[in-house]
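Asker: here's my sequence, what's the structure:
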Amino acid sequence: MAGIRQEPFGKTADGHEIMRYWLSDGVISVGILNLGGTIQSVLVPDRSGKMIDVALGYDDVHSYEVQDKFIGALIGRFGNRIARGKFSLDGKDYTLRTNDGRNHLHGGQGFDKRLWNVQTDGDSLVLTLTSPDGDEGYPGTLQVCVRYTVANRALIIDYQAQTDAPTLCNLTNHAYWNLSGHDAGTVGDQKITLNADYFTPVDNEAIPLGTLAPVTGTALDLRTPTAIGAHWDDPDEQLQNVGGYDHNFALRGSIGFLSPTAEVTSPATGITMQVETTLPGVQFYTGNALEGAPTGKNGAVYGRRTGFCLETQFYPDNIHHPDWPQAILRPGALWKHQTIYRFPAI
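Answerer: The predicted structure follows:
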């Protein structure tokens, strides 16, 4: 049944009620929480018509409160890493929380742990949040609006943000996908195609080196359908630096225009996911550090490489590389981007 329905999901440690909102187009159904704007569940029919939950997640609020894997969450103010948690903007220096060794990751104590305001607008769920000046060290008050829509076998995410002072903004979603089912084990046999001729090499702290490197001749050449696990343990320095795939790919499309990003298929279920975005990059992450996550839905154990992420974004640490597309937002401007996760009929 198409439309939106809501149900209680539990309470936070400090007593706030968390709701789960179900969006459906009559074919696929998506569960969204007001805690972290989290994608908690995505139900998609497999080749036999059986509904498969292809998104990793938890059955209880406490697990979302204590997890450090960002499973399913909206990410802000800045998705991915900022080296040493420091940046300069318009001649002013700013220091951010460092929560990934020496570096700042996914906004620090960011939007993934916040309670979002929720409204329905037709068949869309609209989440809003105010991030005050100084939040995690960022300048400016940031007003964020994220719209989730399920239509035509797709989950559509529309991001908008405005600020009252120059700041950084790089919003994304950190869903972990397993197209064989959230509890199906490693994703190594699922085949991925990425529409990227270049990637941004990283050091052993996952900080970009500041260059764009061609994927040709490397284990990061995923331009034709490739099993995710075919090369993730190759003796490639880039893979060894971060324990598998955890890299930003420079997409072929133009910023602001919706372009094909990636396609992944599970041979076990026949389910395919196609990704499109208006953003210039995507972080392909193979869950190399998933072990230690709380117990998942229905008792599932989320171990290493049991889910993959396709986080659409501006390139990580771009503020330190001015020749890259910049995630700088200024007063009067609107940060507006869209990402679509589509599940075509089998």
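Asker: can you read off the backbone torsions of the closest residue to residue 7 other than its chain neighbours?
Answerer: Spatially, and ignoring its direct neighbours in sequence, residue 7 is nearest to residue 20 (5.5 Å; Cβ to Cβ, 6 or more residues apart in numbering). Quick note: C-beta positions are derived from backbone N, CA and C, even for glycine. With angles defined as degrees, to the nearest 10, residue 20 sits at phi -110, psi 130.
Asker: partners of residue 20 in the sheet?
Answerer: residue 7, residue 33 (DSSP bridges).
Asker: who's in contact with it?
Answerer: Residue 20 is in contact with 6-9, 31-33, 40, counting by Cβ atoms under 8 Å, 6 or more residues apart in numbering.
Asker: same thing with residue 40?
Answerer: 9, 20, 31-33, 55, 57-58, 72.
Asker: hang on, the earlier thing: from residue 60, how far off is the residue nearest to residue 7?
Answerer: Per Cβ to Cβ, to the nearest Å, residue 20 is found 11 Å from residue 60.
Asker: next: residue 284.
Answerer: 29 Å.
Asker: okay, now residue 326: neighbour count?
Answerer: Neighbourhood size, residue 326 [other Cβ atoms under 10 Å]: 15.
Asker: oh sorry, the question was meant for residue 272
Answerer: Going by other Cβ under 10 Å, the residues that sit close to residue 272 add up to 18.
Asker: so what sits opposite it in the bridge?
Answerer: Residues in beta-bridge contact with residue 272 (DSSP bridges): residue 265.
Asker: list the contacts of it.
Answerer: 179, 263-266, 343-344, 346 are the contacts of residue 272 under Cβ under 8 Å, 6+ apart.
Asker: and for residue 98?
Answerer: 84-85, 104, 108.
Asker: now with 10 Å?
Answerer: By Cβ atoms under 10 Å, 6 or more residues apart in numbering, the residues touching residue 98 are 82-86, 104-105, 108, 137.
Asker: most neighbours among these, please name it.
Answerer: residue 82 (28 neighbours).
Asker: ok so, going back, now the contacts of residue 272: which count as buried?
Answerer: 179, 263-266, 343 (16 or more other Cβ atoms under 10 Å).
Asker: out of the residues you listed, who's nearest residue 254?
Answerer: residue 263 (19.7 Å; Cβ to Cβ).
Asker: so the closest one sits in a helix?
Answerer: No: counting by DSSP: H, G, I helix; E, B strand; the rest coil, residue 263 falls outside a helix, being strand.
Asker: which ones are touching it?
Answerer: Contacts of residue 263 (Cβ under 10 Å, 6+ apart): 191-195, 225, 272-275, 342, 344.
Asker: now the nearest residue to residue 53 once chain neighbours are set aside: phi and psi?
Answerer: Using Cβ to Cβ, 6+ apart and skipping residues adjacent in sequence, the residue nearest residue 53 is residue 182, 5.0 Å away. Dihedral angles of residue 182 (phi, psi; degrees, to the nearest 10) stand at phi -60, psi -20.
Asker: per-residue pLDDT of residue 182, please?
Answerer: Listed pLDDT for residue 182 reads 98.
Asker: ok, it to residue 308 distance?
Answerer: 12 Å.
Asker: for residue 316, which non-adjacent residue is spatially closest?
Answerer: residue 80 (3.6 Å).
Asker: list phi and psi for that neighbour.
Answerer: phi 80, psi -160.
Asker: how near is it to residue 168?
Answerer: 11 Å.
Asker: rewinding a little: kindly reformat the contacts of residue 20 as TSV containing pLDDT and distance to residue 336.
Answerer: TSV is the format used below for those (pLDDT from 0 to 100; distance: Cβ to Cβ, whole Å):
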residue	pLDDT	distance to residue 336
6	97	27
7	98	31
8	98	33
9	98	29
31	98	26
32	98	20
33	98	24
40	98	25
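Asker: please pick the buried ones from these.
Answerer: 9, 31-33, 40.
Asker: which one of those is nearest residue 297?
Answerer: residue 40 (8.3 Å).
Asker: distance of the closest one from residue 15?
Answerer: 20 Å.
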